[in-house]
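Novice: Sequence first, predicted model second:
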Amino acid sequence: MSGETNISKLIQEMSPELNPGEYVFSTVPNTDDIERKDTLCELKEKEGTTVVIEKSKADHLKLPYDYVASWITLRIHSSLEAVGLTAVFSTALAKNDISCNVIAGYYHDHIFVDTKDSEKAMSVLTALAHKSK
């Protein structure tokens, strides 16, 4: 199950889905006080570990953050070797003044946008998919 690599098919069938809730990126020196089940993902950097976590859980744990995001999942199983998908949707979002932070999972690409831009981002992504058909 390596996923789709055809860029045209990826765009046409990306089926963006807005997940419920608000999410934050927080950096911590260690994750000892954070349950793994509570994080969406973790990335170790030289300066600390970045965790993506629901805003309510971050508030409960008193984690620092500056950015509150909505989480959009592209429902097509994209291959980690696919070329161009991130460039296409990030360019479309940028043309509409929407910043995005992208995390690729094994099955899907996940896009985090400022909560104020979530509906606009969904419209842009949906229009992009329909335009490609």
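Specialist: Okay, I see it.

Novice: And the residue nearest the centre of the protein?
Specialist: The centroid of the chain falls nearest to I111 when counting by C-alpha atoms, centre = their mean (2.3 Å).

Novice: Please, which helix or strand holds that one?
Specialist: strand 109-114 (DSSP states H and E).

Novice: so what strands line up beside that strand?
Specialist: Next to strand 109-114 in the sheet, as set by DSSP bridges, lie strand 68-74 (antiparallel), strand 101-104 (antiparallel).

Novice: one step back: out of everything not next to it in sequence, what's closest to the residue nearest to the centre of the chain?
Specialist: Spatial nearest neighbour of I111, excluding adjacent residues (C-beta to C-beta, 6 or more residues apart in numbering): I72 at 4.4 Å. For the C-beta atoms, the positions are set from N, CA and C on the backbone; glycine is no exception.

Novice: residue contacts, that neighbour?
Specialist: If you count contacts by C-beta atoms under 8 Å, 6 or more residues apart in numbering, I72 has them with P16, E17, L18, N19, H110, I111, F112, V113, S118, A121, M122, L125.

Novice: Need the buried ones from these selected in PyMOL.
Specialist: Selection command for PyMOL covering only the buried members of those, criterion 16 or more other C-beta atoms under 10 Å:
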select buried, resi 16+18+110+111+112+113+118+121+122+125
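
Novice: which one of the contacts of I72 is nearest T91?
Specialist: Nearest to T91 among the contacts of I72, counting by C-beta to C-beta, is L125 at 11.8 Å.

Novice: which residues touch the closest residue to that closest one other than its chain neighbours?
Specialist: Of all residues not flanking L125 in the chain, P16 sits nearest, at 4.1 Å (C-beta to C-beta, 6+ apart). Residues near P16 by C-beta under 8 Å, 6+ apart: I72, T73, L74, R75, I111, A121, M122, L125, T126, A129.
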